[in-house]
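> output the structure for:
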Amino acid sequence: MTGRLRFYDIPTAWGVVVGDDGHLYMLQGQPTSGAPLRVGERVRFEPSTGPGGPRATGVQRLTTAASR
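Residues are numbered from 1 along each chain as shown. This next block holds a predicted model:
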């Protein structure tokens, strides 16, 4: 699934992704390579269920915020 990063706190590596399906997904952690994620970036992720609700796992950056 793809979506857009709505919120991301770099020190805690916690954020929220809005999936293209309109649902919110919690993000914990950051991609294994490259710069930290930035609000507005397009991402690809696997939706999953976890404590507290839907989660975005296996997050991969698709574009940078500057290219939107």
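> so where's the chain uncertain?
31-33, 63-68 (pLDDT under 70).
> what do you get if the cut-off is 80, keeping everything else the same?
30-34, 63-68 (pLDDT under 80).
> now the strands for it?
2-9, 14-19, 24-28, 42-50, 53-61 (DSSP state E).
> counting by contacts, list what the last one packs against.
Packing partners of strand 53-61 (3 or more CB pairs under 8 Å, 6 or more residues apart in numbering; DSSP states H and E): strand 14-19, strand 24-28, strand 42-50. To be clear about C-beta, it is placed using only N, CA and C from the backbone, and glycine gets the same treatment.
> recalculate using a threshold of 6 Å.
Judged by 3 or more CB pairs under 6 Å, 6 or more residues apart in numbering; DSSP states H and E, strand 53-61 is in contact with strand 24-28, strand 42-50.
> and these, which is most packed in?
strand 24-28 (a mean of 18; mean count of other CB atoms under 10 Å).
> in its sheet, what does that one sit against?
Strand 24-28 pairs in its sheet with strand 14-19 (antiparallel), strand 53-61 (parallel), by DSSP bridges.
> report the distance from stretch 39-57 to the chain centre.
Relative to the centre of its chain, stretch 39-57 is centred 6 Å away, using CA atoms, centre = their mean, to the nearest Å.
> stretch 9-18 too?
In this view, stretch 9-18 has its centroid 7 Å away from the chain centroid, taken as CA atoms, centre = their mean.
> restricting to C-alpha, output that stretch in CSV.
Provided in CSV are the C-alpha atoms of stretch 9-18 (Å, rounded to 0.1, in the frame of the first residue of the first chain):
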residue,chain,number,x,y,z
ASP,A,9,9.0,12.8,15.3
ILE,A,10,12.7,12.1,14.6
PRO,A,11,14.0,11.7,18.2
THR,A,12,11.4,8.9,18.9
ALA,A,13,11.1,7.6,15.3
TRP,A,14,7.4,7.6,15.7
GLY,A,15,4.9,8.9,13.1
VAL,A,16,1.6,8.6,11.4
VAL,A,17,1.0,7.6,7.7
VAL,A,18,-2.3,8.4,5.9
